Structures are given as C-alpha cells and as structure tokens.
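Asks: Got a predicted structure here, sequence first:
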Amino acid sequence: MPWFPAKKIRKQIKLLLLLVLLTCAAWLTYVHLSLVRQGRALRQRLGYGRDGEKLSGVTDGRGVRAALSTQRAEDSSESREEERVPEGRDPDALFPGGAGRPLSLNLTRQAPSWREEYKGQVNLHVFEDWCGGAVGHLRRNLHFPLFPHTRTTVRKLAVSPKWKNYGLRIFGFIHPARDGDVQFSVASDDNSEFWLSPTESPAGAQLVAFVGKTGSEWTAPGEFTKFSSQVSKPRRLMASRRYYFELLHKQDDRGSDHVEVGWRAFLPGLKFEVIGSAHISLYTDESALKMDHVAHVPQSPASHVGGRLLQEEPRADMLRPDPRDTFFLTPRVEPWSLENVLEPCAYAPTYVVKDFPIARYQGLQFVYLSFVYPNDHTRLTHMETDNKCFYRESPLYLERFGFYKYMKMDREEGEEDEEEEVQRRAFLFLNPDDFLDDEDDGELLDGLEPTEAPRTQGGRRPPAPAAPTEAPATPALPTPPAPLGRPTPRRARALRWAARPLPLFWGPAPPPRPAAAAERPPKVYVTRVRPGPRAPPRAPAQLSPRGPPRPPFPGVFLRPRPQPRVQLRARPRPPRARGRRTGGPQAAKLRPRAPAPATQGSREGQAREPGLTAPTADSNSSSEAQPVTSFLSLSQVSRLQLPGENEEEEEGDDEEGAQGEEAASEDSEEKAGPARGRWREDAINWQRTFSVGNVDFEMLRSDWNDLRCNVSGNLQLPEAEAVDVVAQYMERLNARHGGRYALLRIVNVEKRRDSARGSRFLLELELQERGGRRLRLSEYVFLRLPGARAGDTDGDGDSPEPAPAASVRPDGRPELCRPLRLAWRQDVMVHFIVPVKNQARWVVQFLADMAALHARTGDSRFSVILVDFESEDMDVERALRAAPLPRYRYLRRTGNFERSAGLQAGVAAVEDASSIVFLCDLHIHFPPGILDGIRKHCVEGRLAFAPVVMRLGCGSSPGDPHGYWEVNGFGLFGIYKSDFDRIGGMNTEEFRDQWGGEDWELLDRVLQAGLEVERLRVRNFYHHFHSKRGMWGVRSRKAARKEAP
C-alpha cells in the first residue's frame, strides 16, 4: 500500500496554498505579456474601465448581442462605443438570416509582405465624377472599392486636391512613435470616416471617428473637435507594431475640399497633430500593376458595410416587379402550331420611307413610337419634380399658376348660377352694359348720378322705376324695412348677388343690416366710370407735398380721363365721420357725424358690419358719368386711407384736423394698433372644395418620336383595344386547336399604328395548356382595316398577296391576319460588338455583367466581340479569356479610337449573315430580358431595334435610378447582319476621327432601305454615369506640360 504524507500536508496547508497562488499569478503574468506582444490584452471581466468607471449596461439598440460584443473586445483599454450601426442599415442587417449567420464578406485577412522602403507614404485611390457628400454615396459607386479611376500615393494624412464630386480611399499602415494610449480625430469637407484595425489585418478594421453621415456635415481645416464623433476613444498602441488604417472621404461640388487625420497622446492639454510621413507606410506597391489587377486591393468592413441604404419602397416605379422581366423563361408555344390560326396577309405599312430621299439626320422625324399594354411604368414619375414636360404645359405657366385650370371650384351655398358669369366678366371687363340695370340719384353707389339703364335682350330698355323708394322684388334676399326717417335703400338688379360689399377706401361705419344678410361672404366693389357728356372742368386739387402721386390700382380703374392724384405712401390718418356722398349740394345735409375708432380691431369689426357702402366718385366725374361696378376679392384690395380721396368734401375737415394729425406721436400710433396703411393677410378658406374630371394626359400624346420630353414613358395602349384584339386571337386559336389553351393573363401587347392600312400587334400571352403546362405565346398579328389595300410588296414574289382586300367579317370590323415575313426567331445568335480603349474598370464590369446574364438566363446563343484600340491599362484579351462567357472574340486595332471603324470591324468578323448584330456601348447595364427583347424586335428584312436607354445621373445607380431617357441617341442598335451589309455598314470615311452623329447617319440609311425601326423604352436598361477624364487616351494638361521639352 503506497504511503501518502497526509499529516505533513495538513500541517503545511497554508504554505502549499500560497505556492499555488504564486504559480497561478506567474502563469497569468506570462500569458498577459505574451498577448501584449501580439497587440492584445486580457479582458477585465468585471466591466470596469481603466479609470475605475463602470461601463454602462445600455445595449445600444442591439440587445444582448451588443453587451456580449463589448465583453469580447480585444483590448481592455478599447471601447466598442464607436462601432455604431452602419448608416442606412438595420442593426441586424449584418445577420440577414438571424443571429449566428453573419453576412459573407470577401474580407482581406492576411496583409501582404511589407518592406522597409514602403515607409513615408500611403496608398491613395480616387473615384472621380461621383456626386454626393456622404461616404455612403461613395460606397454605392459601381467600381468601389476595387476599380478606382486613379491609383497614386500621398505623403501625409492631409489631402486637398481642390476638385469636386470625387471620393478618396486612403489606406496603409500607421507606425506609432511610442507605446501608450492614443486618440485620433478626423476633419473634412464633406463627410469622412477613419477606420483602424488593432492588428495589421484589414479584416479587423473598426470605425473609430467620422464626420457626418448625411453629406451635409463638414468642418473647417484643422477643426478636430466640432463634432463628438470626430474624436475616437483612447487606443493602446505599441511602437513595435504596425496597424492597418483606412480613411474614406467624399466631396460634393461645394465647399473647400480637404480631409486630414490628427492624433495625440491621451494626456490633458495636448492638441491634435496631423499624422506625417514619419509614421505611415504603404499597404503595397501598385506602381507596376495594371488597372485590372485587383487581387492586392484590401477589402475591409469599411469597404462593404453600409454600402446600400434600406428603402421600404422603390423610388422609381420601374423597379417594381413586372411579369415582363421574367416572362422569357416561360417555354414558348411552337411557332409551327400557330401558322394556320390566322389567314396570311401582306404587310406593307405606309409609314415606311423606302427609296424616299431624306436629308441628313432627317430620319429622326420618320421614327414612330409603339403603344404598350399593360402599363410598363417606364414613365419616370420620380423625376417630374423638376421636369414636367409630360403635361405639355409651359414651365413658366406651371410655376406661376400650377394646375388650377384643371379644377372647377365649387360655389358656396346661396350663390346663384349667374354669379360665375358676373364675376368672370367683371374681371375681364367684357361688356359693362351687363352689370347695371337702373339706379337713381339717391340710391346709386356712392351717390353718383343715375345711369342710363342697359338694353334688354330684345333691344329695348326697361321702364324706369316710378319712385325711388320702390324696391325690386328679390325672392332670395328680401329687402328689410327701412328705419323711420330714412329712405329705403334700393339696389340695381345687376348688384343683387352682392350680399355684403365693403368700402374700398376707409369711411364711417356702415348702417346695420339684418343677420341673414351678414352671413354672406364679404365682397368689394370697385366703380369705374364710362365716358359721358363732360361737365365744366373744376379746379384741380392741390397736390400734397409728400411726393408724386400714383394711381392706386393700375389696370383696375379703367377711365377715359386722368385719375385723381392720390398718395399711397402717406401716413395713415385716423378715420373721421363721413356720410354717403351724393355729389350734389344736399350732401352736407345727409352726412351724419359718427366717429369711428382707429384701432385695427375696430377696422376689422367695421369691415364685418353689414351694410352697403360704396366707393366715392372722384373730382373728374361729371354729373352724367355712368359707373360700372366690378367685383374684386378682399385679398386684392388695399385697406388704405387714401389722402387724395374725398378732397372736395373734406377740405374743411382736413384744415381743422391737420395740426392734430401731424402732431400724433408714434406712441399713440402703437396704442392705436398696427398701421392702417398695410395690406391685410389673405383669408384662407379651408372648406373650399372643387370638382375635377378624369384627365388622361396619355391621350394628348402622339406616336411621333418626341425629342423634347425625356421623362415620359412608352405610349399606353387603351385596355379595351388590347383586350378586343386578344379576344379575337384566342377565339381563333381555340377554334383551331379545339379549346386546348386557356388564357391566364395578358403579359404584354405592343401596337404600331398605321391609320391607312391597319395596326401591327405583338401579342405576348401566358396560356394554360390542357395538360397543365404553362406556355408563352409571342407572335405578331396584323389588324387589317376594312377596304385597306396592301400596297406594294418587296417585289421578290415569295409572298403573294392574298386575294381578299376587304374584311370578311359580316359586321365590317377589322379582321386579324398573320403578316407574311414578320415572324421572329427565338434561336437566332446575337453578337454584342463593343469598341474599347483604356477603360479597364468598365471592361471588367461589362464582362461581369455579360457573365451574370449568361448565368441567370442560361442562354448561350450570344457572343461578345471586343475591338481593342491598343489599351494600355489592362490586358483585354486575357480578361476576355478569363470571363465565363459562352462565346467571345477579341479584335485588336492600332491607332486612335474610332467608334465607327471599331463597330464595322466587329460586324465584319461575324460570319453568319442570318444573325443579329447589336451595336453596343461599354457603360451599359442590361436587364435579364435584353436578349429576348432584341430577338423579338429584329426581323430580317423588316425590323431593326433601337431601344431607348435611361442615362443615369451623377451619383445614381440601377438600384436608385435618377436620370432621363436618351430619346435622341440611336447608338444602341440591333439589326440582322444581312440588312446591315445591304445598307452599306458604318460610315467609316466621314466619321474617322470623331464620334457623335454616326448613329443618326446610320438611321437615315436604315429607313431608306425600307426597314422599320422599333423604338421602345426598355425597363431597367441603364447607361451608367461615368467620368470622361482620360477616355480614349486623352491626356490632361498637367501631364502634357510635364512631357513638353
């Protein structure tokens, strides 16, 4: 039995425990030192910082995961507070499949080998001509981060190229001068982000400081403490190690562009200093690499996180799903089974200009648009905030008047039908005889002399009233009894619609009226005078010394004689008692002395009081003048007390009260209320309603190629017409096949109209076969008009003209038939021909898009032909061989870039004359159905296809398209090679050293050859915005000066 010293251990238990504790402490110290040499340290599990301050338990919106990530930090001195949720992303966006399933990013985890000669500079990548001021806009760039426009270096972390609309990516290593805690800060105009990795690996980069997220934030140069986000938390760095960093900067077209990064030791009172060349080094040397070599470019979380902003709904209607986008994947009904569904007929539209001489570039006027059903949402509705050309209205008119002419305002209760006509004619001053009927001396507006009654419809004048006290019968508004001692006021029939007229110029408070009449809305009447026999001229009123007179309301008072001289800018006078003026000697006897308060509230109360107070006549009106009253709204009338008014009647009053008025102080005016010479605020009627009809602006469009509006979409085909054609075709189809097919839905109907002979339709229907399989029907049909002649054929005799020329339908309606030689082929080869020169990043992007098109559609019946004009920035042939394309061909040409010559060389390399050549551009984003669209709209000897591409604006992407339709360009053109050769190909002689206009010249010859050109706006078909700097080998001014001797 083995011996165990239990008694000795029990006696020395304290010494043994002490030895175990010392051993553990020594082991932990060794582990800690080892981790420190690797740039890490042991985490303090109790959650206390270096200063003894307990960390907050707030989860920062990320729940438990944020707390766990804080506990798993690599450095006890670090804080994960600056690792905020990326802009535009949901906090769980990095885990789209739930927790534990991170988003797969192609991050660079191993840095390349480093050399000592790398010190003193860092890598700088420039992304030019990209709008926006936020770093998120830079991440949405198609080529970010692998394919910059320029690769260079910089010697310190302070850059200011003095340019606009660009983005910078600066990356490399930081070498601390000494061990310790360091704080970083970034300043820029506009936004910027500074990322730092705790090691030399780019995959561990963390956001430590930034300026803004929206693009509107900026700082002055060297302003390191403007925002709290600019300054990072202290970071423990060691002089023996290097740390990967990445600086992102975005500049828009405004401000003084700059970006700089400063650092300081974490000590009180120290200021930030820009990191100089002594503490930075390159990530790698790129001087000997071509632009298509991207394996060395680091990819960090800064390059990918937050690159796409979340949107609940697409901003463009074109981005919404549509059955057209994937309908090409549905199996097609065999064309041979549809040959005998409709009777054949010749197809020769009248708009074809075969052998018709047209001037240079006149072919644009002979291109017609097709109608589409259902709505494909190609109208750029999200761009109509600034461009409203779809509505066919003048921009100046819309800016001033808007769309109110399409609205009919509802009348208020109690107004008669004739009120609208009266108001309209009152404003336009069409016929003054329609507004007045009969007045007399005492009851005419403002005491003017009685006017001659207008003629009635029969040409006679109505008899004058027997007595001035008789009131005309008005059932809708009975005249109240007059008070004792006062004559009953009587109005003319032309003024019965005026419930509560207000005085144009201030006067005494009007007499009270019944409450029933006060319910009407306030109206103002302006009296203008018609010429009559002139009275002897009176002495003109003396001008006021306050300034030259001005007419009060130009264009409203239409008088044949000069206006009374009044002053609008005179100091407002307090109201005085004033009665109604009659213009005769008895006016003074009838004028009561009723003072009125001078405050603004009293004036408003005076305006609200019911009564009939008319404007006064001027000194130039004669006793036989005939006034005409016009209606004006309250918002168009000034509530001024015009000093030139009432001069005849108030001369005595003016002399008596002149001293008191001039001596009135500003304090008394303030007590009395606001100045009476100001305009009143417009009254808002929140209860105003209106009527509107169903306005179809599509009906105002024609099928001419509109070159003025670049936001309107395809023409819309009326639903009734499309359904009628489909119903006729399905009836004939089921009659032929015994009800084998059932219509599921109408996917697409395209119509080309010919008003003389009929219309051509492309029917795309989703059918259900009797056996349960879904099929796609895509065929051309012709709706022949009754009695239409087929016209001339091509003269080859292959397609004889059918005997009947008129419709065989008993009701005389147009008859569907199958147009001869108008069938498209689904298996035809399509060749994309693209000339290139020194466009490495776009060549790589184009090949990637073509490979993705092949992978998504599974269509291998297309090829890519690149014509290279000695590109120096990449090996185009090697990139073409490496791309997963079904077919390709590389052609090399020498000399300067020539688009016409490059396209002609690419077409000449195609051997099959019965294949389609698509003259293409390099900066194109293709939708998945582009191959099917080209084949459908290209028919040998009949049709060529010129799709309209949407040209994206600066800073725009296919995910958020902002731009316009390229309605003038025909550079993207699909045509059969046999037709291309027949018209003579590209004009390489005239367009040898230039490009621009060669597409219009080609269009002229295509139309003269008797081909139709199908012109449609294609969904999700974009032309990328790109920089033109450095294209086709053009040198900059600075480079040219350096090369000059």
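Replies: Done, it's in. Residues are numbered from 1 along each chain as shown.
Asks: Let me see the contact set for residue 701.
Replies: Counting by Cβ atoms under 8 Å, 6 or more residues apart in numbering, residue 701 makes contact with 712, 715. To be clear about C-beta, it is placed using only N, CA and C from the backbone, and glycine gets the same treatment.
Asks: let me redo that: residue 752
Replies: So residue 752 contacts 349, 368, 370, 371, 703, 759, 760, 1012, 1014 (Cβ under 8 Å, 6+ apart).
Asks: Need phi/psi at it.
Replies: Reported as degrees, to the nearest 10, the phi and psi values for residue 752 are phi -110, psi 120.
Asks: Check the spacing between it and residue 376 real quick.
Replies: 16 Å (Cβ to Cβ, to the nearest Å).
Asks: show me where pLDDT drops low in the stretch 801-950 of the chain?
Replies: 801-812 (pLDDT under 70).
Asks: Show me the strands in it, by range?
Replies: 815-819, 830-836, 862-868, 888-892, 916-919, 924-925, 943-945, 948-952 (DSSP state E, counting those that start in this stretch).
Asks: okay, these, which one's buried deepest?
Replies: Mean neighbour count (mean count of other Cβ atoms under 10 Å) peaks for strand 916-919 among the strands of the stretch 801-950 of the chain, with a mean of 26.
Asks: Tell me which strands that one pairs with, and in which orientation.
Replies: strand 830-836 (parallel), strand 973-976 (antiparallel) (DSSP bridges).
Asks: pull the longest helix from this protein.
Replies: helix 13-37 (DSSP state H).
Asks: Pull out the buried positions in it.
Replies: Neighbour counts over helix 13-37 (16 or more other Cβ atoms under 10 Å) mark no residue as buried.
Asks: ditto for stretch 323-343
Replies: 324, 327, 328, 330, 333, 338, 341, 342.
Asks: Can you pull out the residues in contact with whatever helix or strand residue 124 lives in?
Replies: Element membership for residue 124, per DSSP states H and E: strand 122-128. Contacting residues not belonging to strand 122-128 are listed as 138, 141, 143-145, 148-154, 157, 159, 161, 163, 165-173, 280-284, 286, 297, 1027, 1029 [Cβ under 8 Å, 6+ apart].
Asks: Now with 6 Å, please.
Replies: With contacts defined as Cβ atoms under 6 Å, 6 or more residues apart in numbering, strand 122-128 is touched by 141, 148-154, 166-167, 169-172, 280, 282-283, 1027.
Asks: Quick check on those residues: which are buried?
Replies: 141, 148-149, 153-154, 166-167, 169-172, 280, 282-283.
Asks: Could you export those residues as CSV, including distance to residue 108?
Replies: Formatted as CSV, the buried ones among the contacts of strand 122-128 follow (distance: Cβ to Cβ, whole Å):
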residue, distance to residue 108
141, 19
148, 16
149, 21
153, 19
154, 21
166, 24
167, 20
169, 14
170, 16
171, 10
172, 13
280, 19
282, 15
283, 10
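Asks: pLDDT at the closest residue to residue 191 other than its chain neighbours, what is it?
Replies: Closest residue in space to residue 191, ignoring its immediate chain neighbours: residue 212 at 4.2 Å, by Cβ to Cβ, 6 or more residues apart in numbering. Residue 212 carries a pLDDT score of 94 in this model.
Asks: Verify the stated contact: residue 212 with residue 189.
Replies: No - judged on Cβ atoms under 6 Å, residue 212 makes no contact with residue 189 at a distance of 9.9 Å.
Asks: how near is the nearest residue to residue 410 once chain neighbours are set aside to residue 411?
Replies: Closest residue to residue 410 apart from its sequence neighbours, by Cβ to Cβ, 6+ apart: residue 689 at 4.5 Å. Applying Cβ to Cβ, the value for residue 689 to residue 411 is 10 Å.
Asks: Ok, residue 352 next?
Replies: For residue 352 relative to residue 411 (Cβ to Cβ), the value is 55 Å.
Asks: So these two - more neighbours on which side?
Replies: Applying other Cβ atoms under 10 Å to residue 352 and residue 411 shows that residue 352 carries more neighbours, namely 19 against 12.
Asks: Run through the residues that contact that one.
Replies: Contacts of residue 352 by Cβ under 6 Å, 6+ apart are residue 1010.
Asks: worst-scoring helix or strand of this protein, pLDDT-wise?
Replies: Within the chain, no helix or strand scores below helix 64-71, which has a mean of 37 by mean pLDDT, DSSP states H and E.
Asks: one step back: for the record, mean pLDDT for the strand holding residue 124?
Replies: The model assigns strand 122-128 a mean pLDDT of 95.
Asks: Next: stretch 237-256.
Replies: 94.
Asks: first to last residue in it, what's the distance?
Replies: 33 Å (Cα to Cα, to the nearest Å).
Asks: Please point out which parts of it sit buried.
Replies: 237, 241-252.
Asks: next one: stretch 872-887
Replies: Per 16+ other Cβ under 10 Å, stretch 872-887 contains these buried residues: 873, 874, 875, 876, 879, 880, 883, 885.
Asks: which ones are touching the fifth one?
Replies: If I follow you right, that is residue 879. Here residue 879 is in contact with residue 292 (Cβ under 6 Å, 6+ apart).
Asks: try 8 Å
Replies: 292, 843, 844, 847.
Asks: now swap in the last one and tell me
Replies: Contact criterion Cβ under 8 Å, 6+ apart gives 847, 850, 851, 854, 863, 864 as the residues in contact with residue 885.
Asks: okay but the first one is in contact with residue 864, surely?
Replies: Which is residue 847. Yes - contact criterion Cβ atoms under 8 Å: residue 847 and residue 864 qualify, at 7.4 Å.
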